[in-house]
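**Q** the sequence and its predicted three-dimensional model are supplied below.
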Amino acid sequence: MDNNTSATSLFRQNGPSVDPVAFGPRTPSVGLPLLAHLPVTPTSSESDHDDGHENSHRYRTIWLSDIHLGSGGCQANYLLDFLRHNESEYLYLVGDIIDGWQLKKGWYWPQAHNDVVQKILRKARKGTQVVYIPGNHDEGARQFCDLAFGDIHVRGEAFHTTLQGKRLWIVHGDLFDGVIQHAKWLAYLGDTLYTMILVLNRWFNRIRIKLGFQYWSLSQYLKHQVKNAVNFISAFENVMTDEARRRGCDGVVCGHIHKAEIREIDGVLYCNDGDWVESLSALVETYEGELKVIYWTVMRSPEANATKARATA
């Protein structure tokens, strides 16, 4: 495919890259459905005249999930730095972008969360084709599936064909989590405990940064030492690849479990783009059709480092 081909033109035809059903009728609203009531006044750094950085990387596709805007665990400054340095034709938001569970408990919406929303909306205005697939923490947006809010297309699931010809099924993954589906009270309890661990993780990393070390997820380390958590992750990966095979796909891209991964399971590709509360990761497709996980644990922008230093002071 010609790298100069516009993403907009690809979305307007029934080409092989993206499921054309993903683009339903537009609504008169603008922005993400869960963000209609949020204070998203643009800042000077995120205004339309900001054309990004000269050293930005260009990918064909970027997948992001489990950002959890509206929660104290969200690493919004790192994500904003990532968005400033990485561009793509397609951007998939694979669920839990907004943490509705935490916002119900108490309002938390700092400026950095505002800036992330503005950056995503600006990318959509500039021609990036954005598909938003809600998860369990932003499940309220599922009522808007198959609609478009401005330049953001909302879907329950999507399909994407890579330049290497692999057809990928894209879904958050919570609908295949037995705890979420059959014992939601337990999921809420687990979320409360998880939030406490993330608070510990945030203070732990503030100390590390002051000592000159880069970000490292204590919460993820603790989670992966627990045998039951490891077994759950393995079972989840198998369920997702089995479902992808049943749907006639070559692989699946999901989020939900906060563990970035690319591996083949019984001939089906399993891809998880990770999260932005622990691993600080994204899944990308290059213009050679290669899929890889990117970890963004070091900020590249001087202004981002200054903002982070003030936040940790």
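**A** Structure received.

**Q** can you point out the buried residues in stretch 146-154?
**A** 147-154 (16 or more other CB atoms under 10 Å). Glycine gets a C-beta too; all of them are placed from N, C-alpha and C.

**Q** among these, which has the minimum pLDDT value?
**A** The weakest per-residue confidence within the buried residues of stretch 146-154 falls on Gly150 (83).

**Q** for that residue, grab phi and psi.
**A** For Gly150, the backbone dihedrals (degrees, to the nearest 10) come out as phi 60, psi -120.

**Q** distance of Asp146 from Asn136?
**A** 19 Å (CB to CB, to the nearest Å).

**Q** same thing with Asp66?
**A** Distance from Asp66 to Asn136, by CB to CB: 10 Å.

**Q** now Arg60
**A** Distance from Arg60 to Asn136, by CB to CB: 28 Å.

**Q** go on, Cys74?
**A** 16 Å.

**Q** of the two, which one has the most company?
**A** Cys74 (27 against 21; other CB atoms under 10 Å).

**Q** what residues are bridge-paired with Ile98?
**A** As for beta bridges, Ile98 partners with Leu69 under DSSP bridges.

**Q** do the same with Ser281
**A** Going by DSSP bridges, Ser281 forms beta bridges with Tyr295.

**Q** how many residues are close by it?
**A** Ser281: 24 neighbours (other CB under 10 Å).

**Q** hmm, it is touching Lys292, no?
**A** No. When contacts are counted by CB atoms under 8 Å, Ser281 is not listed as touching Lys292 (10.4 Å).

**Q** now do the shared contacts for these two.
**A** Shared contacts of Ser281 and Lys292 (CB atoms under 8 Å, 6 or more residues apart in numbering): none.

**Q** Thr297 - nearest residue in space that isn't next to it in sequence?
**A** Residue nearest to Thr297 in three dimensions, not counting chain neighbours: Tyr215, with 4.3 Å by CB to CB, 6 or more residues apart in numbering.

**Q** right, and that neighbour touches Val298 too?
**A** Yes. At 7.4 Å, Tyr215 counts as touching Val298 under the criterion of CB under 8 Å.

**Q** mind checking which of those two has more residues around it?
**A** More crowded of Tyr215 and Val298, by other CB under 10 Å: Tyr215, with 20 against 11.

**Q** which residues in the stretch 151-300 of the chain form strands?
**A** Taking DSSP state E, counting those that start in this stretch as the criterion, the stretch 151-300 of the chain contains strands spanning 152-154, 158-161, 167-170, 251-254, 261-265, 268-272, 281-285, 291-295.

**Q** export these to TSV and tack on distance to Trp101?
**A** Shown next, in TSV, are those (distance: least, CB to CB, whole Å):
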stretch	distance to Trp101
strand 152-154	19
strand 158-161	24
strand 167-170	23
strand 251-254	19
strand 261-265	24
strand 268-272	21
strand 281-285	22
strand 291-295	26
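
**Q** so of the ones you listed, which one's packed in deepest?
**A** Mean neighbours per residue, mean count of other CB atoms under 10 Å, is largest over those for strand 251-254, with a mean of 28.

**Q** partners of that one, with directions?
**A** strand 167-170 (parallel), strand 268-272 (parallel).

**Q** need the mean per-residue confidence for it.
**A** 98.

**Q** now do stretch 114-134
**A** 96.

**Q** what residues of that stretch count as buried?
**A** For stretch 114-134, by 16+ other CB under 10 Å, it's 114-124, 128-134.

**Q** now, which of those residues lie within strands?
**A** Among those, DSSP state E puts 129-132 in strands.

**Q** measure Leu79 to Asp146 for me?
**A** 27 Å.

**Q** repeat for Gly95
**A** In terms of CB to CB, Gly95 sits 16 Å off from Asp146.

**Q** low pLDDT regions in the stretch 51-200 of the chain?
**A** 51-54, 177-199 (pLDDT under 70).
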